[in-house]
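[1] Just the structure for this:
(one chain, ligands or ions: 2)
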Amino acid sequence: MLSMTDVLEAALPMLATEGVARLGTLLSPEDCRALQAVYDEPARFRSRVVMARHGFGQGEYQYFAYPLPDPVQALRARLYERLVPIANRWAEALGQARRFPASLAAFTAECHAAGQMRPTPLLLRYRAGDYNCLHQDLYGEQVFPIQVVVALSDPADYDGGAFVLVEQRPRRQSRAEALSLAQGEALAFAVRERPVQGTRGVYRVQMKHGVGTVTRGARLTLGLIFHDAQ
Ligand SMILES: O=C(O)CCC(=O)C(=O)O
Ligand SMILES: [Fe+2]
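    Ligands and ions are numbered 1, 2, ... in the order given. The predicted model follows:
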């Protein structure tokens with residue numbers, strides 16, 4: 001069996017060229033079920049959002065409170081370290097002065113110093129009829145340019161509910177990609193924009209993500225965003 005490191009190494013070139021990459025199965029079915037059950041423990045969360053109230057879609061999500069549950073904290077820190085070289089390459093290619101430190105602890109300290117102190121990892125729950133409008137997860141000036149979503153539900157537990165990614169290249173029509181995820185499978189994608197090498201230099205591709213309508217059952221996901229929120 002391939003280790004997480006091997007799968008990630010193999011996936012990273014795709015993240016750089018496509019703005020999205022499958023990272024393999026990062027949580028066991030037991031971990032997925034345990035995290036699904038956490039959804040019903042309000043004490044683990046700092047806030048709950050009913051999406052229809054804000055025009056974000058339909059369904060709901062909850063942001064974890066600090067300290068994050070073990071598997072969430074561990075995954076967030078490990079993934080950050082693997083993704084930071086790409087984040088720094090993107091920043092350089094886009095002509096940004098920003099460089100991200102090697103560890104999540106150091107980046108979190110930078111977020112907190114900038115007034116972004118609230119944790120952003122979240123659990124999302126969609127039932128029949130629910131969906132998530134195209135959006136970008138920005139919570140202040142501090143933005144780590146890549147985020148990860150992990151499917152907690154078994155695809156047999158729901159229909160519909162594809163993860164949707166839309167990219168907008170300058171002066172072109174938008175392109176959409178719909179992806180289905182296995183239980184425990186993780187997907188890394190660009191939060192807001194990524195650089196693409198064109199014939200006349202590097203240009204900026206804008207990205208948004210969302211979820212198509214769930215038509216049966218329930219679909220839960222874990223969202224890992226690396227910057228904290230204001
Ligand atoms: O439920 C999903 O697949 C998408 C969740 C999402 O928007 C996120 O993780 O930021
Ligand atoms: Fe999101």
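[2] what's the closest non-adjacent residue to the residue of the chain found nearest ligand 1?
    Per CB to the nearest ligand atom, residue 223 is where the chain lies closest to ligand 1, at 2.6 Å. In short, each C-beta sits where N, CA and C put it, glycine included. Here the nearest residue to residue 223 in space, its sequence neighbours aside, is residue 122; by CB to CB, 6 or more residues apart in numbering that works out to 4.6 Å.
[3] Now do the same for residue 11: its pLDDT.
    For residue 11, the pLDDT comes out at 83.
[4] returning to that earlier point: for the residue nearest to residue 223, grab phi and psi.
    phi -150, psi 160 (degrees, to the nearest 10).
[5] who does it bridge with?
    On the basis of DSSP bridges, residue 122 is bridged to residue 63, residue 223.
[6] residues in contact with it?
    By CB atoms under 8 Å, 6 or more residues apart in numbering, the residues touching residue 122 are 61, 62, 63, 64, 222, 223, 225.
[7] so the residue of the chain closest to ligand 1 touches residue 132, yeah?
    No. The criterion here is CB atoms under 8 Å, and residue 223 misses it with residue 132 at 10.1 Å.
[8] max-length helix in the protein?
    helix 70-93 (DSSP state H).
[9] contact partners of the helix or strand following it?
    Downstream of helix 70-93, the next assigned helix or strand under DSSP states H and E is helix 104-113. Applying CB under 8 Å, 6+ apart, the contact partners of helix 104-113 are 76-77, 80-81, 84, 100-101, 117, 140, 142, 144, 226-228.
[10] for the protein, what spans make up the strands?
    20-25, 45-50, 57-58, 60-64, 122-127, 131-135, 146-151, 158-160, 163-168, 175-179, 185-190, 193-198, 201-211, 214-224 (DSSP state E).
[11] which of the ones you listed sits most buried?
    Scoring those by mean neighbour count under mean count of other CB atoms under 10 Å gives strand 146-151 as the most buried, with a mean of 25.
[12] who does that strand touch, helix- and strand-wise?
    helix 70-93, strand 185-190, strand 214-224 (3 or more CB pairs under 8 Å, 6 or more residues apart in numbering; DSSP states H and E).
[13] Let me have those in a markdown table, extended by mean pLDDT.
    Formatted as a markdown table, these follow (pLDDT from 0 to 100):
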| stretch | mean pLDDT |
| --- | --- |
| helix 70-93 | 96 |
| strand 185-190 | 97 |
| strand 214-224 | 98 |
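[14] can you redo those as TSV with distance to residue 152?
    Shown next, in TSV, are the helices and strands packed on strand 146-151 (distance: least, CB to CB, whole Å):
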stretch	distance to residue 152
helix 70-93	11
strand 185-190	10
strand 214-224	4
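[15] Of the ones you listed, which is nearest residue 35?
    Residue 35 sits nearest to strand 214-224 of all these, at 6.0 Å, using CB to CB.
[16] Ligand 1 contacts on the chain?
    Residues of the chain found near ligand 1, taking CB under 6 Å from any ligand atom as the criterion, are 124, 132, 137, 149, 163, 209, 211, 221, 223.
[17] now with 5 Å?
    Residues of the chain lying near ligand 1 by CB under 5 Å from any ligand atom: 124, 137, 149, 163, 211, 221, 223.
[18] Including distance to residue 197, could the residues you listed go into TSV?
    As requested, these are exported to TSV (distance: CB to CB, whole Å):
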residue	distance to residue 197
124	33
137	26
149	26
163	26
211	30
221	31
223	29
